[in-house]
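Peer 1: Return atomic coordinates for the entry below.
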Amino acid sequence: MDTLQNMRVFVRVVEAGSFTGAAQHLNTTTAYASRAVSDLEAHLRTRLLNRTTRRIALTEAGERYLQRCEQILAYVDQAEAEASDAHARPSGKLKVHAMTSFGQHYVVPAVGRYQQRYPDVQIELTLAQRMPDLLDEGFDVSLTLATNLPDSGLVSQRLGSAFSIACASPAYLERRGVPQTPADLAQHVCLQMVTPVNPPDKWTFDGPNGEEVVSLGAATFQVNVAEAMVVAVAQGMGVALIPIYSAISRLRSGELLWLMPGYTSQQMNLYALYPSRQYLDAKIRTWVEFLRDELPSTLAADQEELRQFART
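Peer 2: Below is the predicted model of the structure:
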């Protein structure tokens, strides 16, 4: 038995004053309307309506039940309207995860611009160097960097790509010399940034001769956040692979120098991941679309600026 639908029929019968009037309003038959109310009464073991051939009248129990039905149906209608509105109009809380450094440099500024366009969306951003379980942890969207995505059942949208560059401080290079190729790094102190997308024991470069892999020895320093690595390299502790979005402000100031400008780290793809494509909430849809429109040009602008910092 569809109790909710039978409640609707019961309320309509009372409002219309007859089964026939209710049936006409609901575009159904009088027999269906009568059976719906009878099913309710059988379910409740209570008579709701007294019937004669000419009229109907609520029983005392029917009056009380009518009030509850009207309240329940009003709540259901409100809930359905809110749910439908969520599909059509961006509003409510949007829980977003992003990799720490990328999120700090690109996602936080994007949040401000997005909310100017969609002020009814409240964004809760979590920055973490790991790939969360979206369903268990309740995230709507995760922004992650990876060469390839594992088969997770999540919907993915590619938003662009990024890479890292080898950097060192002027003071370090004065002491140790300037590496010209990845092979020269064997003679240098290589600091290691360990994240889910950075293996701890090797660096992979794309260069004039294609892909080159450098095996690293024991690290004198490891850290899992790019901003911390930038500080270490600026202090002259060694050479490190640093994402360009984390390095570029120190390149501007001269605290860091870009080494081997013909070589960059392996390209990493930026993906937006979310649980489902069907009946996608408007705030998720518009957030992903906004990033897809904005991020490629922002990433490209940083990569274009990088060219002026090439050191041979």
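
Peer 1: how much space between the closest residue to Ala282 other than its chain neighbours and Pro109?
Peer 2: Once flanking residues are discounted, Ala282 sits nearest to Pro90: 4.4 Å by Cβ to Cβ, 6 or more residues apart in numbering. To be clear about C-beta, it is placed using only N, CA and C from the backbone, and glycine gets the same treatment. Pro90 sits 19 Å away from Pro109, taking Cβ to Cβ, to the nearest Å as the criterion.

Peer 1: between those two, which one's more packed in?
Peer 2: More crowded of Pro90 and Pro109, by other Cβ atoms under 10 Å: Pro90, with 22 against 12.

Peer 1: Please verify my assumption that the more buried one contacts Tyr118.
Peer 2: Yes: in this structure Pro90 lies within contact range of Tyr118 using Cβ atoms under 8 Å: 4.4 Å.

Peer 1: what residues are shared contacts of the two?
Peer 2: Shared contacts of Pro90 and Tyr118, defined by Cβ atoms under 8 Å, 6 or more residues apart in numbering, are found at 283, 286.

Peer 1: Please, where are all the helices along this protein?
Peer 2: For the chain, helices defined by DSSP state H occupy the ranges 3-16, 19-26, 30-44, 60-88, 100-102, 108-117, 134-137, 170-176, 226-234, 244-253, 282-306.

Peer 1: Nearest approach to Leu191 belongs to which of those helices?
Peer 2: Nearest to Leu191, of all the helices of the chain, is helix 226-234, at 5.8 Å by Cβ to Cβ.

Peer 1: Can you name every helix or strand that that closest one contacts?
Peer 2: Helices and strands touching helix 226-234, by 3 or more Cβ pairs under 8 Å, 6 or more residues apart in numbering; DSSP states H and E, are helix 100-102, strand 240-243, helix 244-253.

Peer 1: For Leu154, find the nearest of the ones you listed.
Peer 2: Among the helices and strands packed on helix 226-234, helix 100-102 sits nearest to Leu154 (Cβ to Cβ), with 18.2 Å.

Peer 1: what distance separates that closest one from the centre of its chain?
Peer 2: 14 Å (Cα atoms, centre = their mean, to the nearest Å).

Peer 1: Residues contacting that helix, please?
Peer 2: Contacting residues not belonging to helix 100-102 are listed as 127-129, 143, 145, 162, 225-227, 243, 245-246, 270 [Cβ under 8 Å, 6+ apart].

Peer 1: Tell me how confident the model is about it, as a mean pLDDT.
Peer 2: Averaging pLDDT along helix 100-102 yields 89.

Peer 1: Pick the most buried one from the helices and strands packed on helix 226-234.
Peer 2: strand 240-243 (a mean of 26; mean count of other Cβ atoms under 10 Å).

Peer 1: just how off-centre is it within its chain?
Peer 2: Strand 240-243 sits 25 Å away from the centroid of its parent chain (Cα atoms, centre = their mean).

Peer 1: Please save the CA atoms from it in CSV.
Peer 2: Extracted in CSV, the C-alpha atoms of strand 240-243 (Å, rounded to 0.1, in the frame of the first residue of the first chain):
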residue,chain,number,x,y,z
ALA,A,240,64.2,20.0,-5.1
LEU,A,241,61.4,19.4,-7.5
ILE,A,242,58.8,22.1,-6.7
PRO,A,243,55.4,22.6,-8.4
